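**Student:** Let's see this in three dimensions:
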Amino acid sequence: MGKPQRHVFVCVQTRPPGHPRGSCSGTALLQGFQQAFEQRELWGRFGLTQSGCLGPCETGPNVLVYPEGVLYSGVTLEDIPEIIEGHLLGGVPVARLYPPPGVWGEEA
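**Tutor:** Model (predicted):
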C-alpha cells in the first residue's frame, strides 16, 4: 500500500456513564466510514483508523483528517458522504462540522 492522500481518524473512546469528559463512542461512525470506503473503493487511496481520545470529548463524536489536521465535531452517519465527497475527494473541508471556536486551539 502506498502513502494515502488523506487519513481519517475516528474516535471510538468509551467512558462510563456520567464521566465528566463524556464519550465519543464513535464505533458506529467508524463502521459507517468502513462501509463507505468499501462501497466507493477508497481503500489504499485514503487511510481510516480508529483512535482513542482526540481531546474535545464534549463536542464528539470527533473525526480528525490528516495531513490538514482538520477536526470535525458532532459527526453523524449522515455526515460521512459529505466528508468523503467534499474533503477526501474534493480537498475542501466541511466547515459546518468544525468544532466551536476555542475547542481545537482556534481563538474565539
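
**Student:** Report the contact partners of residue 74.
**Tutor:** The contact partners of residue 74, taken as CB atoms under 8 Å, 6 or more residues apart in numbering, are 59-61, 97, 99. Every residue, glycine included, has its C-beta placed from N, CA and C.

**Student:** show me where pLDDT drops low in this protein?
**Tutor:** Scanning the chain for pLDDT under 70 picks out 1, 104-108.

**Student:** Can you give me the distance of the residue sitting nearest the centre point of the chain to residue 77?
**Tutor:** Centroid-nearest residue in the chain: residue 63, 1.6 Å away (criterion: CA atoms, centre = their mean). When distance is defined by CB to CB, to the nearest Å, residue 63 is 12 Å away from residue 77.

**Student:** in what helix or strand does the residue of the chain most remote from its centre lie?
**Tutor:** Each residue of the chain has a distance to the centre, and by CA atoms, centre = their mean the biggest one is for residue 18: 23.4 Å. For residue 18, there is no helix or strand it lies in under DSSP states H and E.

**Student:** coming back round to it: the residue nearest to the centre of the chain falls within a helix, correct?
**Tutor:** No. In this structure, residue 63 is strand, not part of a helix, as judged by DSSP: H, G, I helix; E, B strand; the rest coil.

**Student:** Since that was my last question, I'll sign off now.
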